[in-house]
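Chemist: Predicted model and sequence follow; I will ask about them next.
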Amino acid sequence: MSSPRPGRPVDGAKRALILQTASRHFLQDGFAATSIEQIAAEAGVSKVTIYNHFGDKEALFSESVATECERISGSFRIDAEPDLDLRQRLIAVGEALSAFLSRPEMVQFERRIAAETEREPAVGAAFLAAGPHRMKNSLVALLVSMDEAGEVKIADPDLAAEQFAAMCKGMGDLDRRFGLPRDEVRDGERIRGAVEVFCRAYASG
């Protein structure tokens with residue numbers, strides 16, 4: 001993946017439009033079927049502008065995925081809902097994670113990325129770094145903050161973050177990838193169950 005080349009700065013609005021256009025096409029059409037030419041034409045910029053400021057298609061893809069994942073990053077801040085207790089905050093995080101992963105376009109996107117990774121492993125690596133791994137790091141940071149506040153006792157927050165996310169997703173995540181509709185009632189039960197198991201394992205006192 002190449003580094004961005006020097007050039008005239010893209011103003012904030014134009015950069016946001018490029019990312020918005022790219023995100024829409026990557027989500028709808030997948031990585032392979034999306035072209036820089038198409039994005040440039042719709043965003044009203046030149047291909048050179050995109051290459052100058054994002055480096056290459058893989059880098060634009062990575063930043064587009066990161067932008068999508070930022071939609072739920074606020075749920076992982078310990079000070080987002082200071083009046084909520086530990087269980088309520090964890091439920092809010094689980095609900096945000098489940099809602100994000102259940103979006104039809106995200107389910108479709110993951111399917112396409114998985115297929116395209118067979119041909120181009122760098123696509124999968126970019127997706128993991130910009131999406132799932134970034135989201136997990138946000139959850140790890142939240143758990144570390146909770147540990148420092150004395151709410152939980154967690155020796156391995158990285159593992160604990162994986163455990164919590166896996167319990168919240170359960171089989172529902174796999175079901176959706178293979179065409180079954182989302183069961184919001186069951187998803188809610190999974191999340192509340194995950195929080196109870198997690199708190200029994202890690203909550204202080």
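Modeler: Thanks, I have the structure now.
Chemist: going forward, measure contacts and count neighbours with C-alpha atoms only.
Modeler: Fine.
Chemist: Could you report the distance from the residue of the chain most remote from its centre to Q28?
Modeler: Most distant residue from the mean C-alpha position of the chain: G205, 32.3 Å away (C-alpha atoms, centre = their mean). Distance of G205 to Q28, given as C-alpha to C-alpha, to the nearest Å: 47 Å.
Chemist: With L19 instead?
Modeler: Distance from L19 to Q28, by C-alpha to C-alpha: 14 Å.
Chemist: what does R89 give?
Modeler: If you go by C-alpha to C-alpha, the gap between R89 and Q28 works out to 32 Å.
Chemist: Counting neighbours, go ahead and name the busier of the two.
Modeler: R89 (21 against 16; other C-alpha atoms under 10 Å).
Chemist: Return the list of helices and strands in contact with the helix or strand that contains that one.
Modeler: Using DSSP states H and E, the element containing R89 is helix 86-102. Here helix 86-102 touches helix 157-177, helix 184-202, going by 3 or more C-alpha pairs under 8 Å, 6 or more residues apart in numbering; DSSP states H and E.
Chemist: Any chance of a markdown table for those helices, columns distance to A32 and mean pLDDT?
Modeler: Output for these, formatted as a markdown table (distance: least, C-alpha to C-alpha, whole Å; pLDDT from 0 to 100):
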| stretch | distance to A32 | mean pLDDT |
| --- | --- | --- |
| helix 157-177 | 20 | 95 |
| helix 184-202 | 32 | 97 |
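Chemist: Distance to H133 added to the ones you listed, as CSV?
Modeler: Shown next, in CSV, are the helices and strands packed on helix 86-102 (distance: least, C-alpha to C-alpha, whole Å):
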stretch, distance to H133
helix 157-177, 10
helix 184-202, 20
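Chemist: now those as a markdown table including distance to G94 and mean neighbour count?
Modeler: What follows is those, written out as a markdown table (distance: least, C-alpha to C-alpha, whole Å; neighbours: other C-alpha atoms under 10 Å):
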| stretch | distance to G94 | mean neighbour count |
| --- | --- | --- |
| helix 157-177 | 6 | 17 |
| helix 184-202 | 6 | 17 |
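Chemist: These: which one's closest to V45?
Modeler: Proximity to V45 (C-alpha to C-alpha) singles out helix 157-177 among the helices and strands packed on helix 86-102, at 35.3 Å.
Chemist: which secondary structure elements does the closest one contact?
Modeler: Right, helix 157-177 is packed against helix 86-102, helix 104-119, helix 132-148, helix 184-202 by 3+ C-alpha pairs under 8 Å, 6+ apart.
Chemist: Cool, thanks, talk later.
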